[in-house]
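Chemist: model the following, please.
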Amino acid sequence: MDIGKLKTLLGEVASGAVTIEQALERLRNLPYEDLGFAKVDHHRPLRKGYPETIFCAGKTPEQVVGIVRGMRDHGSNVLGTRCSPEVVAAVLGAFPEAVHHEAARAFTITVEPPEPLDGYIAIVCAGTSDIPVAEEAAVTCAALGNPVERVYDVGVAGIHRLFGQREKLDGAHVVIVCAGMEGALPSVIGGLVEHPIIAVPTSIGYGTAFGGVSALLGMLNSCATGLTVVNIDNGFGAAVAASAINRLVSKTARG
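Modeler: Below is the predicted model of the structure:
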């Protein structure tokens, strides 16, 4: 239950349209619901402004379906990340309204569209191999109410491809940059735009890329200012941070 729904419920109690007992029943599972294998945090929208996200890796299809049902029954939108084909099949079978985002390895269920935020977040990736991480970021941003602009396959091996996208980069409130190999692209973009940049090292590369460690260290050692770095392949974490920035910008702009 988010703040808007809670205010509506309290207003209905004040007007007499809902009894105290009925209100208590709706609030019974706040702040969390114990499913035995998981404690679903229904209180998170009140604290953070967005629902809990289901990290599906390591969970059985039955566990994911149970968590989804608990969230959906409480009126929450649902985002599941790092989904196996078995989890996707189970979720789509139980909830036909679910949308599978194959490239992002994610699914969403929209009970009520999130409040749209102003401006957009640019999602940039160096190569086509980085798209799964970039798409995880893009789907997460969209699920949190952010407009998204994708700028894909503009890595430093063909840097001229990036320069044709300056207008999209300059117009964004936040830029998320996903890159593997040596992880140079965020540094380049950091020298071009004034907005916050969140760099995501990916696990793409040959042997000495060390599964993304080389890109991570390159980004952490960047000489570009205003660059923030998240963990390897963490498109989700970058998106949540970018959304928090965009939400703040939107609130400030609206007064």
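
Chemist: quick check: pLDDT value at residue 158.
Modeler: Among the per-residue scores, residue 158 holds a pLDDT of 91.

Chemist: list the contacts for residue 70?
Modeler: Residues near residue 70 by C-beta atoms under 8 Å, 6 or more residues apart in numbering: 29, 33, 35, 40, 42. Where you see a C-beta, it was placed from the backbone N, CA and C, and this is true even at glycine.

Chemist: I'd guessed the last one sits against residue 76; true?
Modeler: It stands for residue 42. Yes - contact criterion C-beta atoms under 8 Å: residue 42 and residue 76 qualify, at 7.0 Å.

Chemist: gap between the host helix or strand of residue 253 and the chain center?
Modeler: Element membership for residue 253, per DSSP states H and E: helix 235-254. In terms of C-alpha atoms, centre = their mean, to the nearest Å, the centre of helix 235-254 is set 10 Å apart from its chain centre.

Chemist: quick one: buried residues of that helix?
Modeler: 235-243, 245-247, 249-250 (16 or more other C-beta atoms under 10 Å).

Chemist: just the closest of those to residue 121, please.
Modeler: Distance to residue 121 across the buried residues of helix 235-254 (C-beta to C-beta) is lowest for residue 242, with 5.0 Å.

Chemist: how about that closest one, nearest residue that isn't a chain neighbour?
Modeler: residue 174 (4.2 Å; C-beta to C-beta, 6 or more residues apart in numbering).

Chemist: show me the contacts for that neighbour.
Modeler: 121, 122, 195, 196, 197, 198, 242, 245, 246.

Chemist: equivalent analysis for residue 72, please.
Modeler: Residue 72 sits next to 78, 95, 109, 111 when contact means C-beta under 8 Å, 6+ apart.

Chemist: part of a helix, is residue 9?
Modeler: Yes - according to DSSP: H, G, I helix; E, B strand; the rest coil, residue 9 belongs to a helix.

Chemist: how many residues are close by it?
Modeler: 17 (other C-beta atoms under 10 Å).

Chemist: follow-up on the earlier one: just the contacts of residue 70: which has the poorest pLDDT?
Modeler: For the contacts of residue 70, the pLDDT minimum is residue 29, 60.

Chemist: can you give the domain ranges for the chain?
Modeler: The chain breaks down by automatic domain parsing into domains covering 3-109, 121-254.

Chemist: and those, which is most packed in?
Modeler: The highest mean neighbour count among those, using mean count of other C-beta atoms under 10 Å, belongs to domain 121-254: a mean of 20.

Chemist: pLDDT weak spots in this structure?
Modeler: 1-4, 26, 28-30, 255 (pLDDT under 70).
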